[in-house]
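Participant: Got a predicted structure plus its sequence, pasted below:
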There are 2 protein chains.
Amino acid sequence: MARDATRRRRPTIEDVAALAGVSRGTVSRVLNGGVNVSPPALAAVRRAIQHTGYVVNHHARSLVTRRSQSVAFILSASQDRLFEDPNFGTLLRGCTQALAEHDMPLLLSVAGTEEDRRRVARFAAAGHVDGALLFSACYGDPVIGDLAGHGVPVVACGEQPGDGVPLAYVAADDRGGARQMVSYLRSAGCRRIATITGPLDQPGGPQRLDGYRDVLGQAAPELIAHGDYSEESGAAAARELLRRAPDLDGLFVASDLMARGAMRMLARAGRRVPGDVRVGGFDDSPAAITTDPPLTTIRQPWARISAEMTRLLLSQIAGEPPAAVILPTELVRRGSA
Amino acid sequence: MARDATRRRRPTIEDVAALAGVSRGTVSRVLNGGVNVSPPALAAVRRAIQHTGYVVNHHARSLVTRRSQSVAFILSASQDRLFEDPNFGTLLRGCTQALAEHDMPLLLSVAGTEEDRRRVARFAAAGHVDGALLFSACYGDPVIGDLAGHGVPVVACGEQPGDGVPLAYVAADDRGGARQMVSYLRSAGCRRIATITGPLDQPGGPQRLDGYRDVLGQAAPELIAHGDYSEESGAAAARELLRRAPDLDGLFVASDLMARGAMRMLARAGRRVPGDVRVGGFDDSPAAITTDPPLTTIRQPWARISAEMTRLLLSQIAGEPPAAVILPTELVRRGSA
DNA sequence: CCGGATGTTGGGAGCGCTCACAGTGGCGTT
DNA sequence: AACGCCACTGTGAGCGCTCCCAACATCCGG
């Protein structure tokens, strides 16, 4: 291994070929799977690679293959609050891991502003990446949405409203999860179950409310409050609900973070959990075990979601048509309900 | 703009040149700053670029310039708990933002296992990125550390013990932060201020104790207890301190998690916070707002840290020598002091 | 013993770009 | 009028790789 590589020219495929006593073509064949290469040649090339410390030059390879062997992780969030969401970390980890298995790096692109989004879209459409994983794309965002139209493989997290090209996506069964939690609250004896929703213009938001309604029908409107997934908004929504429906004895919150805010507010209002009010969250974020009592919640299979997204993207890059995957959620019972 | 770019060959610099009625070279000059290009030629090229929707091919460019125009964000964590740390998100956001200004994408690499680390190091050393941002590199990790030795610009987060090549780094001012907190406790009226330190053989540990001593001199040894950053160790240290110095009225704890443990112990001993004992933490971790009352603590400037790291890395890529930056911390007042 | 299928190899061509260099022509200076 | 200097331009030569095709060896069945 060239320990003193600092100055020396990096070895090329030609150097390896010369050392192995074969041609460029043969080395290239070894590099790309080693089919139709005689065992002695293969061994010689392997040895030469080892000896020279050769590493393929991605740029040269990509120039001719027109494949960048990398994918973009596009975070198209208007507010970068998402960065503080622990699920984001899980997602990111899942994707990097799944990609690492294919030796593909992940390019992180944050598109906060409209201009960013344009830049990122151009970047991706220019073929600098083979595909893109889309997160929290605002509904109907034209710039990012166009990506798929430009022939760039894309997989979204959560269902995206198709305004034209059908977008591949992976989502947890939000509606089913909400149904699961609300049913559980009811079976635990709750009679007046309120809910705090997330933003209804973001994926997951409407579905969780639908799940709530699946169980309770068109519940009294005073039992429904809205938040924006932040802890503060959860507290505010809870205060609002306590004002409008002081007799509530169950609360389904569409995110753990909001649930934590809501529980703080319940405590301040003198309501005990789960004694007076049973609370159910959604996400099973780390926040769920920081509440007192710990939060009963719905676990989204984030690790699987990210793995599935990556799998779907890679298969799309390989030429398969876009597909959608819905994954089941899981009820995690803790102290709050 | 080629709306139907799905199938069509992407325009090359040659296409632009032909349309603008100039040569390849002139288009290249425009692309790279437009020096020594006549105004009419420049205008014609600009128009042609606009018209063809031309986007430079990074791979071709990188092949000749030997610059990838991208940097790696290397997360070398044994435990991937870091992913759940909100500070990690802040760091990541700060870096992407700073890089986006230079139109450089960020390659995320997670090196959890030893093998991962080897892979990532090879990847970076192979010149696939122009430099690397290093996070939570295990002390003296040989594989990643070698990067700098291989001539790859590297900037670490936090001071790294140099086993050879001096590594550029950006860190928060631990000692100053400790000083800040202890001074604050004293100015709040505390007369007997104890401290719980972190492990003295890890970064930050000694510095935070030094800061404590800067304010209080060589305080009575019974006022100093040691922990290991875990919540349990904080509780144990607090019990010890209460035994040795029952009259303590101030407590500076070197991490929020330990502070939480200590506060639990104080409560059990019947001491009220901040009435009987004022408590100050360090880190402004999420744990800080889970205590009752919320914890007054020292915030590390994560956003600035990431921005500085990026700046340092870019300047190093531009040829400047490695440097170190220490950034001031901030006192966050909450209920506990 | 021959034609063809099969396995293996070398080398030319070219991916899209930048860089160095050799021109051009217009200008001021001697 | 001859000169050098300057701003500007076009072009050849690659960067390191993959792809393709021709060339060759080998082996089989007829």
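Facilitator: Everything's here; your move.

Participant: From B:G280, how far out is the spatially closest residue to A:A168 that is not a sequence neighbour?
Facilitator: Closest residue in space to A:A168, ignoring its immediate chain neighbours: A:P322 at 3.6 Å, by C-beta to C-beta, 6 or more residues apart in numbering or on different chains. Just so you know, the C-beta spots here come from the backbone N, C-alpha and C atoms, and that holds for glycine as well. Look at A:P322 and B:G280: by C-beta to C-beta, to the nearest Å, they are 54 Å apart.

Participant: who's more crowded, the two?
Facilitator: Between A:P322 and B:G280, counting by other C-beta atoms under 10 Å in any protein chain shown, B:G280 is the more crowded of the two (32 against 18).

Participant: State the phi and psi torsions of that one.
Facilitator: Note on B:G280: backbone dihedrals following degrees, to the nearest 10 are phi -120, psi 140.

Participant: Burial check on the nearest residue to it once chain neighbours are set aside, number of neighbours?
Facilitator: Closest residue in space to B:G280, ignoring its immediate chain neighbours: B:M181 at 4.3 Å, by C-beta to C-beta, 6+ apart. Residues contacting B:M181 under the criterion other C-beta under 10 Å number 30.

Participant: go on, the one 3 residues further on?
Facilitator: Other residues within reach of B:Y184, judged by other C-beta under 10 Å, total 20.

Participant: Same question for A:E222.
Facilitator: A:E222 sits with 14 neighbouring residues when counted by other C-beta under 10 Å.

Participant: I'd say it and A:R243 touch.
Facilitator: No - counting by C-beta atoms under 8 Å, no contact exists between A:E222 and A:R243, whose distance comes to 9.3 Å.

Participant: Residue ranges in the stretch 101-250 of chain A under the pLDDT threshold?
Facilitator: Low-confidence segments of the stretch 101-250 of chain A, defined by pLDDT under 70: A:137-145, A:161-165, A:219.

Participant: Would you state the helices of it in chain order?
Facilitator: Using DSSP state H, counting those that start in this stretch, the helices of the stretch 101-250 of chain A run over residues A:114-123, A:142-149, A:174-187, A:205-216, A:231-244.

Participant: Spell out whether the first one and DNA strand C are in contact.
Facilitator: No - looking at helix A:114-123 against DNA strand C by C-beta under 7 Å from any atom of the strand, there are no contacts, and the closest approach is 13.6 Å.

Participant: Work out the gap between that helix and the centre of the chain.
Facilitator: 20 Å (C-alpha atoms, centre = their mean, to the nearest Å).

Participant: before we move on, what about the third one?
Facilitator: Distance of helix A:174-187 from its chain centroid, counting by C-alpha atoms, centre = their mean, is 23 Å.

Participant: Who are the packing partners of it?
Facilitator: If you count contacts as 3 or more C-beta pairs under 8 Å, 6 or more residues apart in numbering or on different chains; DSSP states H and E, helix A:174-187 packs onto strand A:193-197, helix A:205-216, strand A:250-253, strand A:278-280, strand A:297-299, strand A:330-332.

Participant: what does the average pLDDT come to for the last one?
Facilitator: The predicted model gives strand A:330-332 an average pLDDT of 94.

Participant: do the same with the fifth one
Facilitator: Mean pLDDT, strand A:297-299: 94.

Participant: check whether it contacts chain B.
Facilitator: No - Strand A:297-299 lies apart from chain B when judged by C-beta under 8 Å from any C-beta of the partner chain; the minimum separation is 14.7 Å.

Participant: so what does the next helix or strand after that strand touch, helix or strand wise?
Facilitator: For strand A:297-299, the following helix or strand on the C-terminal side (DSSP states H and E) is helix A:302-317. If you count contacts as 3+ C-beta pairs under 8 Å, 6+ apart, helix A:302-317 packs onto strand A:71-75, helix A:86-100, strand A:131-135, strand A:154-157, strand A:168-172, strand A:324-327.

Participant: Quick check: the gap between the residue nearest to B:G280 and B:G281.
Facilitator: B:M181 is 8 Å from B:G281, by C-beta to C-beta.

Participant: Identify the contacts common to the two.
Facilitator: Common contacts of B:M181 and B:G281, defined by C-beta atoms under 8 Å, 6 or more residues apart in numbering or on different chains, comprise B:296-298.

Participant: tell me which of these is nearest to DNA strand C?
Facilitator: If you rank the shared contacts of B:M181 and B:G281 by distance to DNA strand C using C-beta to the nearest atom of the strand, B:I298 comes first, at 46.1 Å.

Participant: Give me the nearest residue to the closest one, chain neighbours excluded.
Facilitator: Nearest residue to B:I298, sequence neighbours excluded (C-beta to C-beta, 6+ apart): B:G177, at 4.2 Å.

Participant: number of nearby residues for that neighbour?
Facilitator: 25.

Participant: before we move on, the earlier item: export the helices and strands packed on helix A:302-317 to CSV and tack on mean neighbour count?
Facilitator: Formatted as CSV, those follow (neighbours: other C-beta atoms under 10 Å in any protein chain shown):
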stretch, mean neighbour count
strand A:71-75, 26
helix A:86-100, 22
strand A:131-135, 25
strand A:154-157, 27
strand A:168-172, 25
strand A:324-327, 16
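
Participant: Switch those over to CSV; also include distance to DNA strand D.
Facilitator: Compiled in CSV, the helices and strands packed on helix A:302-317 are given as follows (distance: least, C-beta to the nearest atom of the strand, whole Å):
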stretch, distance to DNA strand D
strand A:71-75, 19
helix A:86-100, 19
strand A:131-135, 18
strand A:154-157, 24
strand A:168-172, 25
strand A:324-327, 30
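
Participant: need these in TSV with distance to B:P206, can you?
Facilitator: Shown next, in TSV, are those (distance: least, C-beta to C-beta, whole Å):
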stretch	distance to B:P206
strand A:71-75	38
helix A:86-100	30
strand A:131-135	41
strand A:154-157	44
strand A:168-172	46
strand A:324-327	48
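
Participant: how about the spatially most central residue of chain A, what does it touch?
Facilitator: Residue closest to the mean C-alpha point of chain A, counted by C-alpha atoms, centre = their mean, is A:L91 at 4.3 Å. Counting by C-beta under 8 Å, 6+ apart, A:L91 touches A:135, A:157, A:302, A:305-306.

Participant: Please apply the same query to A:A237.
Facilitator: Contacts for A:A237 (C-beta under 8 Å, 6+ apart) come out as A:196, A:225-227, A:258, A:261-262.

Participant: tell me which parts of the stretch 1-150 of chain A are close to DNA strand D?
Facilitator: So the stretch 1-150 of chain A meets DNA strand D at A:9-10, A:12-14, A:24-25, A:27-28, A:31-32, A:54, A:56-57, A:60-61, A:63-65 (C-beta under 7 Å from any atom of the strand).

Participant: Please identify the most buried of the helices and strands packed on helix A:174-187.
Facilitator: strand A:250-253 (a mean of 30; mean count of other C-beta atoms under 10 Å in any protein chain shown).

Participant: chain center to it: distance?
Facilitator: Distance, stretch centre to chain centre, for strand A:250-253: 25 Å (C-alpha atoms, centre = their mean).

Participant: Paired strands for it, with orientation please.
Facilitator: strand A:193-197 (parallel), strand A:278-280 (parallel) (DSSP bridges).

Participant: Select, out of those strands, the one closest to DNA strand D.
Facilitator: In terms of C-beta to the nearest atom of the strand, the element of these nearest to DNA strand D is strand A:193-197, at 50.0 Å.

Participant: List the neighbours of that closest one that are in contact with it.
Facilitator: Here strand A:193-197 makes contact (C-beta under 8 Å, 6+ apart) with A:182, A:185-186, A:205, A:208-209, A:212, A:216, A:219, A:223-227, A:234, A:237-238, A:241, A:245, A:248-254, A:258-259, A:262.
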